[in-house]
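In: what follows is a protein structure lacking sequence information:
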């Protein structure tokens, strides 16, 4: 395939990605927005139930606490009774609202137990579970929240994982329209991606081949096999640095991961295993840029092609070792058989083989 056709294929792939991002964004954004509003409302409800403003006046600062999940607020013993009074006021206010809205009868599951009603607790469990399933931090607020997954660029990133079949399993269409489009989009897009990745892998492999040929032309006295081995090893090391080691370092810095975890994520992603236990761009305390998303997309495309090339080299090496063992075994068996058979039998075997060869040729000619 010519360079012009490869460029045309790449442009087609990019346009197809943008198409998928736009359609998925239109189909899925409304459902995600609804869930985000539900989580934000839940946080506001919990904050009002806790009566944080009233409780804040009872606190003294405690800088000696080692509890990273707690706060610096410490309530003196003499103020404990006032906290109970604040909670009592909150419960009475809730009961008054329930009586106004439900007439003379209030259902037991709506009565607040330890400030929260059973219905509120069940709602919290459902919302938190759904939020985690959809990749939204349940502690999100309108001011501090996880990045929307189904923004345009988020949908483009999802399209990349779909077309490359990485499939982390943490993000999927939740609407009927999104799922239907996912099937059609993948049906045509996955073969297109396979062709593109094949051409990219071929191009990457061609770099090593051309370099080997140049060295052989300039240094014809050098052993060709040795040159090929050195060039291949250099190609693998440089490729690992570009597509695995350096990206892992970048991700570990931005996402604040341990470097080993970042390396693990690199391999799981580029090998299309895609466990989904580690994900990029999910933290609510980081403002991710579009450049970061675009670089991740390019890394996935070229990294997949490179790792596929490495897997192919390893596979060929394993096959070569197996073939060498089979050939060695056949040579041993033939050598043993020749030593065991009389000389006359060998001649008969040869004549028989020649006859069969001639017979076969005759049959082919007559056909």
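Out: Yep, that arrived. Just so we're clear, the structure is a prediction, and the values are computed from it rather than from any experiment.

In: so where does residue 9 fall, helix or strand?
Out: Assigned by DSSP states H and E, residue 9 falls within helix 3-50.

In: and that helix, what does it pack onto?
Out: Helix 3-50 is packed against helix 118-133, helix 152-163, helix 176-218, with contacts defined by 3 or more Cβ pairs under 8 Å, 6 or more residues apart in numbering; DSSP states H and E. All C-beta atoms are positioned from the backbone trio N, CA, C, and that covers glycine.

In: cutoff 10 Å now
Out: Counting contacts by 3 or more Cβ pairs under 10 Å, 6 or more residues apart in numbering; DSSP states H and E, helix 3-50 packs against helix 80-102, helix 118-133, helix 152-163, helix 176-218, helix 290-340.

In: what number of residues lie near residue 205?
Out: 18 (other Cβ atoms under 10 Å).

In: show me what contacts it?
Out: Residue 205 makes contact with 232, 235, 305, 306, 308, 309, 312, 313, according to Cβ atoms under 10 Å, 6 or more residues apart in numbering.

In: distance to residue 172 and neighbour count added to those residues, as TSV?
Out: Formatted as TSV, the contacts of residue 205 follow (distance: Cβ to Cβ, whole Å; neighbours: other Cβ atoms under 10 Å):
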residue	distance to residue 172	neighbour count
232	39	16
235	37	21
305	25	22
306	27	23
308	25	19
309	30	21
312	30	12
313	34	15
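
In: winner for burial among the helices and strands packed on helix 3-50?
Out: For the helices and strands packed on helix 3-50, the largest average neighbour count (mean count of other Cβ atoms under 10 Å) is found in helix 152-163, namely a mean of 22.

In: quick one on the thing from earlier: from the contacts of residue 205, which has minimum pLDDT?
Out: Scanning these for pLDDT, the low point is residue 313. It has 82.

In: for that one, list the residues it contacts.
Out: Residue 313 makes contact with 205, 208, 232, 235, 236, according to Cβ under 10 Å, 6+ apart.

In: out of those residues, flag the one nearest to residue 282.
Out: residue 236 (31.5 Å; Cβ to Cβ).

In: how about residue 177, nearest residue that isn't a chain neighbour?
Out: Closest residue in space to residue 177, ignoring its immediate chain neighbours: residue 27 at 4.7 Å, by Cβ to Cβ, 6 or more residues apart in numbering.

In: rewinding a little: which pair of the contacts of residue 313 spans the longest distance?
Out: 205 and 236 (11.2 Å).

In: common neighbours of the two, please.
Out: Residues touching both residue 205 and residue 236 (Cβ under 10 Å, 6+ apart) are 306, 309, 313.

In: surely the second one and residue 236 touch.
Out: This points to residue 309. Yes. If you go by Cβ atoms under 10 Å, residue 309 and residue 236 touch, sitting 9.0 Å apart.

In: low pLDDT regions in the stretch 1-150 of the chain?
Out: For the stretch 1-150 of the chain, the stretches with pLDDT under 70 are 1, 46-56, 61-73, 99-104, 109, 112-115, 117-118.

In: likewise for the stretch 201-350 of the chain?
Out: For the stretch 201-350 of the chain (pLDDT under 70), the answer is 324, 326, 328, 336-350.

In: ok, back up a step: which residues do residue 309 and residue 236 both contact?
Out: Jointly contacting residue 309 and residue 236 under the rule Cβ under 10 Å, 6+ apart are residue 208.

In: on that earlier part again, can I get the helices and strands packed on helix 3-50 in a markdown table including distance to residue 35?
Out: Below are those laid out as a markdown table (distance: least, Cβ to Cβ, whole Å):
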| stretch | distance to residue 35 |
| --- | --- |
| helix 80-102 | 25 |
| helix 118-133 | 6 |
| helix 152-163 | 14 |
| helix 176-218 | 14 |
| helix 290-340 | 21 |
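
In: out of these, nearest to residue 13?
Out: Taking Cβ to Cβ, helix 176-218 is the member of the helices and strands packed on helix 3-50 nearest to residue 13, at 5.1 Å.

In: tell me the helix or strand right after that closest one.
Out: Assigned by DSSP H and E, the successor of helix 176-218 is helix 224-240.

In: what comes into contact with the helix or strand following that next one?
Out: Later in the chain than helix 224-240, the nearest helix or strand by DSSP H and E is helix 246-255. With Cβ under 10 Å, 6+ apart as the test, helix 246-255 has contacts from 240-241, 257-267, 269-270, 278-283, 286, 288-289, 292, 295-296, 299-300, 303.

In: can you check stretch 257-274 too?
Out: Residues contacting stretch 257-274 (Cβ under 10 Å, 6+ apart): 161, 164-170, 240, 243-255, 275-280, 296, 299-300, 302-308, 310-311.

In: give me that answer again for 8 Å
Out: 161, 164-169, 243-245, 247-249, 251-252, 255, 275, 278, 280, 300, 303-304, 306-307, 311 (Cβ atoms under 8 Å, 6 or more residues apart in numbering).

In: which of these are buried?
Out: 161, 164, 166, 168, 243-245, 247-248, 251-252, 255, 278, 280, 300, 303-304, 306-307 (16 or more other Cβ atoms under 10 Å).
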